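**Student:** sharing a sequence plus its predicted fold:
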Amino acid sequence: MDLRDRVNTVTGCFLTMHALLWCGLWLAITAGAARAQPLSTTDMLDYLAQSVCLDAAGHITGELPIDPACTRHRPQTTHDAASYRKHDWPDRSDPRHPVDGYQASDSVIDPRGHRTLVVQTFDFGDTRRAFGRFDGGQGDGGQVIMLVDGWASIAMTEDGGDGVQWFIANGCRSNPGSDQRYLGWLMFRGDAAPGQWHDQVTALNKGRGPNDCPWSFGSAFTRYRLAGMAFPFRIIDRNGTVTNVTHNLDVVISEHYGGSSIADATHLERFYLAKGLGLVRWERWENPAKSHNANLDQSAARLAQSGRCPNLDMHETADRDWKLVDCRTWTALLHAPANWSVDDYGWTALAAFGSPDAAAPAAAGCPGQRRCTN
């Protein structure tokens with residue numbers, strides 16, 4: 001049903017009081033049916049990848065996806081010259097007062113090994129590490145999300161705590177050689193809908209390589225839903241001036257529990273994936289009844305005082321006793337260096353997925369070029 005039909009139907013409901021009840025019932029049914037439509041691959045990528053803004057000719061502009069002037073846009077690829085980067089919020093008690101925070105995280109599409117990957121970078125910048133390059137062995141890394149059979153799942157990650165890790169599901173046994181081995185760390189499926197949680201328990205373990213198949217698997221409960229939320233932003237211009245604004249975003253909220261159920265889990269990791277921006281926030285919550293962390297109260301108090309994770313509309317778990325102990329909010333938007341692309345980050349672990357696809361479709365406005373410039 002298009003908008004005109006919907007308006008005509010609503011108008012008709014006011015013509016006869018006798019038919020009002022039936023019109024209301026019919027509209028509720030059709031509206032429910034519209035909401036139940038599954039997300040397409042394109043829809044899912046809109047939540048996973050950030051966008052670049054385009055002019056009338058299809059060339060990338062310097063506008064931000066949240067700017068009203070950004071009326072044309074498409075998902076950003078790893079080859080595009082980036083017009084902006086998403087940084088995390090700094091600790092307000094930090095005497096250095098780092099305007100650009102501590103970590104940048106891009107969310108871009110990477111056609112590689114005949115797959116469409118979504119790469120989310122975790123790029124630190126401080127006295128020993130520089131933004132814009134992969135500082136191997138010093139905490140830099142990222143994660144890779146794959147779309148397989150209508151699932152968006154994390155296939156691999158690299159962090160400073162445990163290096164390169166592959167998240168392997170028991171599909172490595174039932175379907176050896178297929179990408180079903182990566183359906184372990186579920187983020188969300190195409191059935192994500194507003195106002196209701198969908199959930200799934202997966203069998204999951206870690207491996208050190210893409211072809212590992214563990215002997216045993218743990219259970220991971222995941223739930224996810226769509227929501228509209230107000231998010232705080234820090235817009236940082238080229239002079240370092242910060243403007244604080246709030247924007248309403250359509251998001252996928254995904255909660256990954258360390259156990260087979262909420263009650264049995266020791267902790268959870270919550271992800272916020274915003275339409276047109278990709279990953280904008282990560283939270284770690286601990287269950288006091290199950291956690292092995294003896295300093296929960298101190299960790300939670302320290303994070304709350306830092307200002308790194310402003311309160312959101314949804315800022316609690318299913319059980320209010322749980323403690324938020326770690327978080328990053330990547331809604332500080334900065335101009336990217338001239339002609340810099342996520343390719344230039346140089347994350348070496350991506351090579352395990354194969355070489356960049358030579359036949360990757362050219363980005364709009366720059367046919368035949370591997371990189372679009374502003």
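**Tutor:** Perfect, I can see it now.

**Student:** was I right to think residue 271 contacts residue 256?
**Tutor:** Yes - Residue 271 is within contact range of residue 256, at 7.5 Å (criterion: Cβ atoms under 8 Å). Any C-beta I mention is one placed from the backbone N, CA and C, and that applies to glycine too.

**Student:** shared neighbours, those two?
**Tutor:** In terms of Cβ atoms under 8 Å, 6 or more residues apart in numbering, residue 271 and residue 256 are both contacted by the residues residue 187.

**Student:** wait, is residue 172 part of a strand?
**Tutor:** No - Residue 172 is assigned helix when assessed by DSSP: H, G, I helix; E, B strand; the rest coil, not a strand.

**Student:** what pLDDT does it get?
**Tutor:** In this model, residue 172 is scored at 96, pLDDT.

**Student:** contacts only, for it.
**Tutor:** Shown in contact with residue 172 (Cβ under 8 Å, 6+ apart): 180, 181, 212, 213, 214.

**Student:** among those, which ones are buried?
**Tutor:** By neighbour count, with 16 or more other Cβ atoms under 10 Å, the contacts of residue 172 hold 180, 181, 214 as buried.

**Student:** out of the residues you listed, who's nearest residue 199?
**Tutor:** residue 180 (19.4 Å; Cβ to Cβ).

**Student:** residues contacting the closest one?
**Tutor:** 148, 149, 169, 171, 172, 174.

**Student:** pick the one among the contacts of residue 172 closest to residue 73.
**Tutor:** residue 180 (32.4 Å).

**Student:** and the closest one, helix, strand or coil?
**Tutor:** Here residue 180 is recorded as helix under three-state DSSP.

**Student:** quick check: it vs residue 68, distance?
**Tutor:** As judged by Cβ to Cβ, to the nearest Å, residue 180 and residue 68 stand 42 Å apart.

**Student:** before we move on, the earlier item: which among the contacts of residue 180 end up buried?
**Tutor:** Taking 16+ other Cβ under 10 Å as the criterion, what is buried in the contacts of residue 180 is 148, 169, 171, 172.

**Student:** of these, closest to residue 330?
**Tutor:** Among the buried ones among the contacts of residue 180, residue 148 lies closest to residue 330 (Cβ to Cβ), at 25.2 Å.

**Student:** so what sits opposite that closest one in the bridge?
**Tutor:** The partner list for residue 148 in beta bridges (DSSP bridges) reads residue 151.

**Student:** if I pick it, what's in contact with it?
**Tutor:** 179, 180, 182, 183.

**Student:** quick check: residue 229 touching residue 247?
**Tutor:** No - Residue 229 lies out of contact with residue 247 (Cβ under 8 Å); the separation is 9.6 Å.

**Student:** look up the residues forming beta bridges with the residue positioned nearest the centre of the chain.
**Tutor:** Taking Cα atoms, centre = their mean, the centroid of the chain lies closest to residue 279, which sits 2.6 Å from it. For residue 279, the beta-bridge partners under DSSP bridges are residue 273.

**Student:** could you report the neighbour count for residue 67?
**Tutor:** Counted with other Cβ atoms under 10 Å, residues neighbouring residue 67 total 14.

**Student:** just to be sure, it is in a helix?
**Tutor:** No - judged by three-state DSSP, residue 67 forms no part of a helix; its state is coil.

**Student:** dig out what the closest residue in space to it that isn't next to it in sequence forms beta bridges with.
**Tutor:** Among residues not flanking residue 67 along the chain, residue 53 sits closest, at 7.1 Å (Cβ to Cβ, 6 or more residues apart in numbering). Following DSSP bridges, residue 53 is listed with bridge partners residue 73.

**Student:** got it, and residue 223?
**Tutor:** Note on residue 223: beta-bridge partners by DSSP bridges are residue 199, residue 255.

**Student:** quick check: it vs residue 262, distance?
**Tutor:** 8 Å.

**Student:** how about residue 229?
**Tutor:** With distances taken as Cβ to Cβ, residue 229 is found 21 Å from residue 262.

**Student:** quick one, helices of the protein?
**Tutor:** For the chain, the helices defined by DSSP state H cover 3-13, 20-35, 41-48, 171-174, 296-306.

**Student:** wouldn't residue 258 be in contact with residue 284 here?
**Tutor:** No - applying Cβ under 8 Å as the test, residue 258 and residue 284 come out as separate, 9.9 Å apart.

**Student:** looks like residue 47 contacts residue 272 (just checking).
**Tutor:** No - in this structure residue 47 lies outside contact range of residue 272 using Cβ under 8 Å: 9.8 Å.

**Student:** shared neighbours, these two?
**Tutor:** Both residue 47 and residue 272 are contacted by 251, 252, under the criterion Cβ under 8 Å, 6+ apart.

**Student:** excluding chain neighbours, what is closest to residue 86?
**Tutor:** residue 330 (4.1 Å).

**Student:** could you report the neighbour count for that neighbour?
**Tutor:** Neighbours around residue 330, by other Cβ under 10 Å: 27.

**Student:** now do the contacts for it.
**Tutor:** Per Cβ under 8 Å, 6+ apart, neighbours of residue 330: 86, 87, 88, 103, 104, 105, 279, 280, 281.

**Student:** are any of those buried, and which?
**Tutor:** Buried by 16+ other Cβ under 10 Å: 86, 87, 88, 103, 104, 105, 279, 280, 281, out of these.

**Student:** which of those residues lies closest to residue 40?
**Tutor:** Nearest to residue 40 among the buried ones among the contacts of residue 330, counting by Cβ to Cβ, is residue 279 at 20.0 Å.

**Student:** distance-wise, check the closest one relative to residue 49.
**Tutor:** 9 Å.

**Student:** quick check: neighbours shared by the two?
**Tutor:** Each of residue 107 lies in contact with both residue 279 and residue 49 under the rule Cβ under 8 Å, 6+ apart.

**Student:** residues contacting the residue nearest to residue 67?
**Tutor:** Neighbours of residue 53 in contact, by Cβ under 8 Å, 6+ apart: 60, 61, 62, 63, 64, 65, 67, 69, 70, 72, 73, 83.
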